[in-house]
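J.: Dropping the sequence and predicted coords here.
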2 protein chains.
Amino acid sequence: MTRSPAAEAASTEDRLSPLKLKRVGIDTYRENVAYMHRECDRYRAEGFQALAKVEVRANGQRILATLNVVDDAAIVACGELGLSEDAFATLGVAEGHPVSILQAEPPPSIPALHRKIAGERLTRDDFRRIIQDIAERRYSKIELTAFVVACDRNELDREEVFFLSDAMSRVGRRLDWHEHPVVDKHCIGGIPGNRTSMLVVPIVAAHGLLCPKTSSRAITSPSGTADTMEVLANVDLPFEELGQLVRTHRGCLAWGGTSQLSPADDVLISVERPLSVDSPGQMVASILSKKVAAGSTHLLLDIPIGPHAKVRSMPEARRLRKLFEFVASRMGLTLDVVITDGSQPVGRGIGPVLEARDVMRVLTNHPNAPMDLRQKALRLAGRMLEFDPDVRGGDGFGLARDILDAGRALEKMQAIIVAQGAKPFDPEHPPLAPHCVEVTARSGGVVTAIDNLQLARIARLAGAPRAIGAGIDVLARIGDVVETGQLLYRVYAAYPNELTFSRQATERDTGFAIGQPDQITRLNVEC
Amino acid sequence: MTRSPAAEAASTEDRLSPLKLKRVGIDTYRENVAYMHRECDRYRAEGFQALAKVEVRANGQRILATLNVVDDAAIVACGELGLSEDAFATLGVAEGHPVSILQAEPPPSIPALHRKIAGERLTRDDFRRIIQDIAERRYSKIELTAFVVACDRNELDREEVFFLSDAMSRVGRRLDWHEHPVVDKHCIGGIPGNRTSMLVVPIVAAHGLLCPKTSSRAITSPSGTADTMEVLANVDLPFEELGQLVRTHRGCLAWGGTSQLSPADDVLISVERPLSVDSPGQMVASILSKKVAAGSTHLLLDIPIGPHAKVRSMPEARRLRKLFEFVASRMGLTLDVVITDGSQPVGRGIGPVLEARDVMRVLTNHPNAPMDLRQKALRLAGRMLEFDPDVRGGDGFGLARDILDAGRALEKMQAIIVAQGAKPFDPEHPPLAPHCVEVTARSGGVVTAIDNLQLARIARLAGAPRAIGAGIDVLARIGDVVETGQLLYRVYAAYPNELTFSRQATERDTGFAIGQPDQITRLNVEC
């Protein structure tokens, strides 16, 4: 009852003198902020309040923004309306252009949001309306958070997860490749290293399957596939160029486009990340909505389990798998799930450059290639190859191995790298960050456990992924016998203070447990 | 795992050159914002991100703030750290002073917040830790919203509501008046007009009971008691002065101090208001924590019910009453609850000046005094007088009427006004806003219902409470017989565009239902 409806305001907006648009050089990240001087006639007449949600209109364009009130005419003067950098770019109108501002009408889906907060089950239409509003950035941070928390643990039933996923896949662009099958793989994450996509995509594309992989940058990890691929090639390609590239080479390893494919997901993550909320329903909706919008018909999903992975037990992995299967089936997506060993990092390197080195060593069949990464990539690629109706069940692994060993995966990878825009990289002389510390075993015994979270934390403190050469080179694995003082891993840091931060973290906890062989927990998983 | 702990950062903070503090003239309301130039060495070395939570330290003081990244040296240059107006004032250090910045450590209560999001019951200690962090502004808007939503409807049991109320009452200042009883009244709100506090306090104080009433400004209504009282007297008094004033005059009608009495409530409201969330548990905790912190021993609570009130049915009012009673009892507060008629506005005026006119007319026993306001104030004051052990049960109403009719309440009110700092006001020539529209009945019949929310909305559109002379003067009540074209109410607006907004709202819905006498819903309540 406090907001004057935009409809009413619109009819009188022209009676007040228009404001002049100004770009304010402040980066407020995903939040649009409008700046208005406190002594502005317009501000005083309409009773705007700091933090009010306003609608800014110019030249037929409009955006929603949060209002900050300014007392310094050097930032914005009376008669001007300032916009933060992103907001200015989104509005897409030149400085000095006349602009009008009015109190924003509450987003139409707010009553549905309130019903969800009150614990009610929402309909398919409710989810469509909410996701539409979120994608159009009509929700404030507060409303977004309310939606995320209200949908968290135990609040969405599996039918609602389908409604949410379906709504998210419909608000952005949708690709249609006009062929079948279109395959993709996805790992739910949490395991450092683990750059299987950069091996699986070339293998599967070399076989001829269409694999338009969208990869993401790291959110909370030391490197995402896009960060590691960026060591080798450009990953920020325009949407149209990417489509052409995939048609030509049958695959790609590029980042671009996910914010266009699932714009609501992009906005929701801006709240989920700082809150560290990642409920099963939201995970399923985030992943499946993007894959369906990207035109995939078949998806191989990797769920790693382990004591320091996102999923910590087999029953939890099975529950998650069933939720993925239900929603994928309702969305018409063929889904194959593999539950894998997430008890330690996969590969040796953690961080963009170190992981790129591992990937290139596997592709070139280098004697120091990490065998665990090779083995896992072959198993996943093999399962994906079996999406091809002409490949017999069980033949995928052998086929994948043949493609890799014959150098056809390397050849395909090089073609993709060139197509995306190659960068110089020598895996035998990787550009590591300049400051290094070696971490050694404090006692002798057998490595019984490795804490993925602690290693990821150390790698981030060392500067990864911002500093591409920063990270960890891991030299011992679970089951290895080590002596006191033996090297466990090296940390590479970009700046002296980052070396200090990461060294201090290793001193508190190296992330390695050393004990007796019978203390090792064996997981009964496929790879 | 993404944040580098403040403890680590602190040990190295002095190795980088210190920044110089700058006040940035931007009002970001309740959110502290720090501004840092993108090319700043410090920013680049430590890998800060836009919207990161940072800790700013200077001269032994420290505050938490959200980081905005600046590209315009006119706002902040390299080597400077900017703070928004409130943040600058809170830090309390001069411009140009050396200042350091580091990544903020996550608030210690975040694990408890996550347990609440997951639907777990929290302990007394959990609530204390969470409220401590909130009061110290360690929570981001996102974390605050997550807490509010997780605690919403059906999520807190009554023991948890007590834990929350108790924690909130303990984090701020606590008053002790060194006498017994100390009485207060509170209305849960939602009814326009209804300025009973400005009558009840003088009556009760004239009788001699100590009544240190804290009053609030309007949040979503056209006027709060503090807004209306401000027409007659200063309401922003320093904490210590207020204490002295209450001891001298036995009562006050001032605003100040609630943010010191319950600082967590002040922060929580900044999220609850834009979200329009007002769950029973949060309402109880907000009200009772402030009353206990203000040193009250006895509270009279007014719960109005009606089709357009906050509480819409008797069963709902009874459930709310029992929750208030349980928590008050656990907090050692004597509570008396009255359920009152909230089916229409109380008094004639809606908006600061119009309500002040009504109040002064009742105090002066003016022939045009609104009788419903007088009657309700006498009933409430009577119940409060019975908190005095020397007043017999049932004698309160007569005692209150005698005090009012004899002019003793007026005398007390005048003393309080002078003590707070009188402003000139003539109730027979109130300074109404200059633009007026009259709203008349579209058909003849009996007034069967009045929509409180619609009248409040119209009064806000007209400019209340910002424009003190704006609002509505209501001339018809439920049960009145009206003819077509007869005047129902006048709207006073401060600016032509606000007159337009409010007139358009009356054209869509006058807020008055006119029909047959048997369509009137009669509530079986005390007053």
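T.: Good, I have the coordinates.

J.: Would you quantify the distance from A:Asp451 to chain B?
T.: Counting by Cβ to the nearest Cβ, to the nearest Å, the gap from A:Asp451 to chain B is 11 Å. Any C-beta I mention is one placed from the backbone N, CA and C, and that applies to glycine too.

J.: May I have the residues that are in contact with that residue?
T.: By Cβ atoms under 8 Å, 6 or more residues apart in numbering or on different chains, the residues touching A:Asp451 are A:308, A:509, A:511-513.

J.: Try it again at 7 Å.
T.: The contact partners of A:Asp451, taken as Cβ atoms under 7 Å, 6 or more residues apart in numbering or on different chains, are A:308, A:511.

J.: Likewise for A:Leu320?
T.: Taking Cβ under 7 Å, 6+ apart as the test, what A:Leu320 contacts is A:280, A:303, A:311.

J.: Repeat the analysis, applying 8 Å as the threshold.
T.: A:Leu320 makes contact with A:188, A:280, A:283-284, A:303, A:311, according to Cβ under 8 Å, 6+ apart.

J.: So among those residues, where is pLDDT lowest?
T.: Taken together, the contacts of A:Leu320 show their lowest pLDDT at A:Pro280, with 89.

J.: so how far is chain B from that residue?
T.: 12 Å.

J.: need the contact list for that residue.
T.: Shown in contact with A:Pro280 (Cβ under 8 Å, 6+ apart): A:153, A:161, A:319-320, A:323.

J.: The closest residue to A:Thr123 other than its chain neighbours: how many residues sit nearby?
T.: Nearest residue to A:Thr123, sequence neighbours excluded (Cβ to Cβ, 6 or more residues apart in numbering or on different chains): A:Phe163, at 7.3 Å. As a burial measure, A:Phe163 scores 25 neighbours (other Cβ atoms under 10 Å in any protein chain shown).

J.: re the thing from before, want to try JSON lines for the contacts of A:Pro280, with distance to B:Asn194 as columns?
T.: Shown next, in JSON lines, are the contacts of A:Pro280 (distance: Cβ to Cβ, whole Å):
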{"residue": "A:Arg153", "distance to B:Asn194": "41"}
{"residue": "A:Val161", "distance to B:Asn194": "46"}
{"residue": "A:Arg319", "distance to B:Asn194": "53"}
{"residue": "A:Leu320", "distance to B:Asn194": "53"}
{"residue": "A:Leu323", "distance to B:Asn194": "51"}
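
J.: wait, is A:Ile101 part of a strand?
T.: Yes - judged by DSSP: H, G, I helix; E, B strand; the rest coil, A:Ile101 forms part of a strand.

J.: what about it, neighbour count?
T.: 25.

J.: thinking again about what came up before, mean confidence for the helix or strand hosting the residue nearest to A:Thr123?
T.: In this structure, A:Phe163 sits in helix A:158-170 according to DSSP states H and E. The average pLDDT within helix A:158-170 is 95.

J.: Quick one: list the elements packing against that helix.
T.: Applying 3 or more Cβ pairs under 8 Å, 6 or more residues apart in numbering or on different chains; DSSP states H and E, one finds that helix A:158-170 makes contact with helix A:124-135, helix A:263-275, helix A:280-293, helix A:314-330.

J.: and these, which one is worst for confidence?
T.: Across these, helix A:263-275 has the smallest mean pLDDT, namely a mean of 84.

J.: elements contacting that helix?
T.: Applying 3+ Cβ pairs under 8 Å, 6+ apart, one finds that helix A:263-275 contacts helix A:124-135, helix A:141-150, helix A:158-170, helix A:258-261, helix A:280-293, helix B:141-150.

J.: quick one, which of those is nearest to B:Pro107?
T.: In terms of Cβ to Cβ, the element of the helices and strands packed on helix A:263-275 nearest to B:Pro107 is helix B:141-150, at 7.3 Å.

J.: Against which helices or strands is the closest one packed?
T.: Against helix B:141-150 (3+ Cβ pairs under 8 Å, 6+ apart) you get helix A:141-150, helix A:263-275, helix B:110-117, helix B:124-135, helix B:263-275.

J.: hmm, try it at 10 Å
T.: Helix B:141-150 is packed against helix A:110-117, helix A:141-150, helix A:263-275, helix B:110-117, helix B:124-135, helix B:263-275, with contacts defined by 3 or more Cβ pairs under 10 Å, 6 or more residues apart in numbering or on different chains; DSSP states H and E.

J.: Show me how far the second one is from its chain's centre.
T.: By that I understand helix A:141-150. 19 Å (Cα atoms, centre = their mean, to the nearest Å).

J.: what does stretch A:68-77 give?
T.: 36 Å.

J.: Buried residues, the helix holding A:Phe163. List them.
T.: Buried residues in helix A:158-170, counting neighbours by 16 or more other Cβ atoms under 10 Å in any protein chain shown, are found at A:158, A:160-170.

J.: Helix A:280-293 and the helix or strand following it, what's the angle between them?
T.: Tracing the chain C-terminally past helix A:158-170 and defining elements by DSSP H and E, one meets strand A:183-187 next. On the basis of axes from the mean of the first three to the mean of the last three Cα atoms, to 10 degrees, strand A:183-187 is oriented at 160 degrees to helix A:280-293.

J.: who are the neighbours in contact with the residue of the stretch 301-450 of chain A found nearest chain B?
T.: Closest to chain B within the stretch 301-450 of chain A is A:His308: 10.6 Å, counting by Cβ to the nearest Cβ. Counting by Cβ atoms under 10 Å, 6 or more residues apart in numbering or on different chains, A:His308 makes contact with A:190-192, A:342-344, A:449-456, A:511.

J.: make it 8 Å
T.: Residues in contact with A:His308 (Cβ under 8 Å, 6+ apart) are A:342-343, A:449-454.

J.: which residue packs closest to it, ignoring adjacent ones?
T.: Residue nearest to A:His308 in three dimensions, not counting chain neighbours: A:Asn452, with 4.3 Å by Cβ to Cβ, 6+ apart.

J.: do you know how far the most centrally placed residue in chain A is from A:Met360?
T.: In chain A, the centroid-proximal residue (Cα atoms, centre = their mean) is A:Ser216; its distance is 4.4 Å. Distance, A:Ser216 to A:Met360, using Cβ to Cβ, to the nearest Å: 21 Å.

J.: rewinding a little: how about residues contacting the helix holding A:Phe163?
T.: By Cβ under 8 Å, 6+ apart, the list of residues contacting helix A:158-170 from outside reads A:121-124, A:126-128, A:130-132, A:151, A:156, A:262, A:264-265, A:280-282, A:284-286, A:288-290, A:292-293, A:323, A:326-327, A:330-331.
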